[in-house]
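Trainee: this is the structure alone, sequence omitted:
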DNA sequence: TCTGCAAGGTGATCTGGATCAACGGGACCC
DNA sequence: GGGTCCCGTTGATCCAGATCACCTTGCAGA
């Protein structure tokens, strides 16, 4: 029987956002959007949301297809409505760093620069709404309350990025993998009330390039966590967290 | 004779922000603020800025003094007007990761959580404006245009944090130090037109804890860059970049 | 049915940077 | 003047994780 989670007991993002979610009239184009509550769309009223949505077009990407590449002019902004991706930078000699694994509810391509600094590649089939950058910016200018929402989004991502800096700069391989699994778990739990089970839509190489390791070390570390009975590898690219409390201690450096 | 810089030739933040800077009447409390142009204060008109400023109190911190500690309730927001700091997280066993070296013009303490996740410690004498968090938030709510400014600030920091993730995850010690020196150089150049000289107000240990290395490795790497004549160590904690083009190539992984 | 190949796993070996140790110099304080 | 402490530097040794090599499995395509 797993110990209860320490962090974010009450008032998880999901709860808090659903409070302010406005109901939409029958037949609204966003009426069936599964991620509306989780994005900046959630704060817009029916009419404004209709206008916002009308700026966009829907799209679909297959696994290994890229929404944009590092160096491409940043002309579109994406709101992911289903699926997940990897966001990465390549060094000239092929070394790769995966900055994040964006998923449904995330915005993508919101760079301040004229070109993308990262490549966004689908891990699974991805559905999205796509906004021309200029129209997106114009809409934000006309709706100052959107600025605050964008800020909250960026601030969340900044917190995650700094957490990852601690991981990359100072944690061991075991600590990194434990942290990674817990992050995925927390992120999934905000959206649907899964169990102690985490789905891994990415390969060992992807995980390695996110954690600053090699795929061999990731593989060995999975084995090591399995041998110490902290996790179990389930069929279907899934992992069960058998002892979440111990994983949390390991992740924050309290355990060998 | 150094090659011209590749990145950010025209339209540096400094230029772009000064365009929108409003002039203040004689005797305005922010009239002599050196960093007004570089912060969100720069977008406010005289009257609003006066109101904003009146929410704050000025303060001063000596080297090694902390504005706040990891775990403290986040009750204040700081706008740094001079000096520089280190922002770090400690793991229970003493491992440390320095997330950033904030300096004049930066805001600090803008967390979404109720407590600070990092400690902010002065490297040099620091002057700041300090806003009670509630009043700061209330002001932002009443001035929606501030949301956009906060967003731009967070987006800049996010870009920097992801750049650091690439560094920590995939770069060698030499590449890390070269990247670090160039980042400091670019940051200083935005504010005053220094030369090819970078000031290092932090110790070797601080640099190590920022780059995911040890102080010994940082020291050896300085020596190595000096031996290959890419930098020179000057008295007064300063470094001259002797071959910026080569340093840039090294920093982005194009050189051994 | 075979073939190719991408992904995961594991053993053997290597190495970049960590760790341990020692020294010199500057700032500060009796 | 003589401690003491902190900082930077350098040498010697160690080790976590990288690298290299190899095997298995699953699956798509011929």
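Mentor: Happy to help now that I have it. Since the model is a prediction, treat every value here as computed from it, not as a measurement.

Trainee: and the residue of the stretch 101-250 of chain A found nearest DNA strand D, how close does it get to residue A:211?
Mentor: Closest contact between the stretch 101-250 of chain A and DNA strand D, by Cβ to the nearest atom of the strand, is at residue A:217 (3.1 Å). From N, CA and C alone the C-beta is placed, and that goes for glycine too. Separation of residue A:217 from residue A:211 (Cβ to Cβ, to the nearest Å): 9 Å.

Trainee: the helix or strand containing residue A:247 close to chain B?
Mentor: For residue A:247, the element it lies in under DSSP states H and E is helix A:244-251. No - on the criterion Cβ under 8 Å from any Cβ of the partner chain, helix A:244-251 is out of touch with chain B, staying 9.3 Å away.

Trainee: next, the buried residues of that helix.
Mentor: A:244, A:246, A:247, A:248, A:250, A:251 (16 or more other Cβ atoms under 10 Å in any protein chain shown).

Trainee: the spatially closest residue to residue A:162 that is not a sequence neighbour: neighbouring residues, count only.
Mentor: Spatially, and ignoring its direct neighbours in sequence, residue A:162 is nearest to residue B:99 (4.8 Å; Cβ to Cβ, 6 or more residues apart in numbering or on different chains). Using other Cβ atoms under 10 Å in any protein chain shown, residue B:99 is surrounded by 25 other residues.

Trainee: isn't residue B:99 up against residue A:165?
Mentor: Yes - Residue B:99 sits in contact with residue A:165 when judged by Cβ atoms under 8 Å, with a separation of 5.7 Å.

Trainee: now do the shared contacts for those two.
Mentor: Shared contacts of residue B:99 and residue A:165, defined by Cβ atoms under 8 Å, 6 or more residues apart in numbering or on different chains, comprise B:161, B:164.

Trainee: which neighbours do residue A:217 and residue A:211 have in common?
Mentor: Between them, residue A:217 and residue A:211 share the contacting residues residue A:173, judged by Cβ under 8 Å, 6+ apart.

Trainee: who has more neighbours, the two?
Mentor: residue A:211 (24 against 18).

Trainee: enumerate the residues of the stretch 101-250 of chain A near DNA strand D.
Mentor: Residues of the stretch 101-250 of chain A lying near DNA strand D by Cβ under 7 Å from any atom of the strand: A:172, A:173, A:174, A:212, A:213, A:214, A:216, A:217.

Trainee: for the first one, phi and psi?
Mentor: With angles defined as degrees, to the nearest 10, residue A:172 sits at phi -80, psi 170.

Trainee: so what's it up against?
Mentor: Counted by Cβ under 8 Å, 6+ apart, residue A:172 has zero contacts.

Trainee: okay, it: pLDDT?
Mentor: Per-residue pLDDT puts residue A:172 at 98.

Trainee: just the fourth one next, same as before
Mentor: Residue A:212 is assigned a predicted lDDT (pLDDT) of 98.

Trainee: can I assume it is in contact with residue B:169?
Mentor: Yes - with contact defined as Cβ under 8 Å, residue A:212 reaches residue B:169; the gap is 3.6 Å.

Trainee: what do these two both touch?
Mentor: Common neighbours of residue A:212 and residue B:169 (Cβ under 8 Å, 6+ apart) are A:97, A:168.

Trainee: stretch A:49-68 close to chain B?
Mentor: No - using Cβ under 8 Å from any Cβ, stretch A:49-68 stays clear of chain B, coming no nearer than 15.4 Å.

Trainee: which residues of the stretch 1-150 of chain A lie near chain B?
Mentor: A:89, A:91-93, A:95-97, A:99, A:110-113, A:117-118, A:140, A:144-150.

Trainee: now the residue nearest the centre of chain A, nearest residue through space, not along the chain?
Mentor: Among the residues of chain A, the one closest to the centroid is residue A:102, at 3.3 Å (Cα atoms, centre = their mean). Spatially, and ignoring its direct neighbours in sequence, residue A:102 is nearest to residue A:85 (5.1 Å; Cβ to Cβ, 6+ apart).

Trainee: what number of residues lie near the one you found?
Mentor: Here the count is done by other Cβ under 10 Å, and residue A:85 has 29 residues near it.

Trainee: next helix or strand past whichever strand or helix holds it?
Mentor: Using DSSP H and E, residue A:85 sits within strand A:85-90. Note on strand A:85-90: by DSSP H and E, the next helix or strand toward the C-terminus is strand A:96-100.

Trainee: what are the pairing partners of that next one, and which direction each?
Mentor: According to DSSP bridges, strand A:96-100 forms sheet pairs with strand A:85-90 (antiparallel).

Trainee: re earlier: can you name the two of the residues of the stretch 101-250 of chain A next to DNA strand D that sit furthest apart?
Mentor: Across those, the longest distance by Cβ to Cβ is 15.5 Å; it joins A:172 and A:216.
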